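**Q** What follows is a predicted structure for the sequence shown.
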Amino acid sequence: MMLLKSSLQFEKAYRKFIHRYPHLQRKIDEIIVRMESDINSPLLHTHKLSGKLRGLSACSCGYDCRIIFSIGQDKEIGKEVILLIDIGTHDEVY
């Protein structure tokens, strides 16, 4: 199980996205829990990004909803950490 952290940008984008699509909140929250327990779950459709987002990854939380994140090592606690960076529609985050 990995540690999950969210950036201020993600938190702001999450609130905005949920405000526009309240029916997706439960699904998104379930996906975030799944990310923490198994980032490589086939249900997440996790993939690495290229271009200006090279070095980051994304997962799907519905037909047109993506979460952008990075995976890194937290040197203080010695564990891998998932940092949630952005959430939105395909066109908003890519």
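**A** Thanks, I have the structure now.

**Q** where along this structure do the helices fall?
**A** 8-20, 25-37, 90-93 (DSSP state H).

**Q** which ones are touching the most centrally placed residue in the chain?
**A** Central residue of the chain (Cα atoms, centre = their mean): residue 67, 3.4 Å from the mean position. Residues counted as contacts of residue 67 (Cβ atoms under 8 Å, 6 or more residues apart in numbering) are 28, 31-32, 35, 58-59, 61, 84, 86-87. Any C-beta I mention is one placed from the backbone N, CA and C, and that applies to glycine too.

**Q** tell me what the worst-scoring helix or strand of the chain on mean pLDDT is packed against?
**A** In the chain, the helix or strand scored least confidently by mean pLDDT, DSSP states H and E is helix 90-93, which has a mean of 91. Helices and strands touching helix 90-93, by 3 or more Cβ pairs under 8 Å, 6 or more residues apart in numbering; DSSP states H and E, are strand 66-74.

**Q** Let me know the angle separating the strand it packs on from helix 8-20.
**A** 150 degrees (axes from the mean of the first three to the mean of the last three Cα atoms, to 10 degrees).

**Q** Tell me what angle strand 66-74 forms with helix 25-37.
**A** 30 degrees.

**Q** that older thread, and the contacts of residue 67, which is closest to residue 2?
**A** Within the contacts of residue 67, the smallest distance to residue 2 is 8.0 Å, found for residue 35 (Cβ to Cβ).

**Q** Is the closest one in contact with residue 60, as I believe?
**A** No - between residue 35 and residue 60 there is no contact under Cβ atoms under 8 Å: 11.2 Å.

**Q** who's the closest residue in space to residue 47 that isn't next to it in sequence bridged to?
**A** Of all residues not flanking residue 47 in the chain, residue 58 sits nearest, at 6.0 Å (Cβ to Cβ, 6 or more residues apart in numbering). According to DSSP bridges, residue 47, residue 68 are recorded as the beta-bridge partners of residue 58.

**Q** Residue 58 - how many residues pack around it?
**A** 22 (other Cβ atoms under 10 Å).

**Q** Done for today, thanks.
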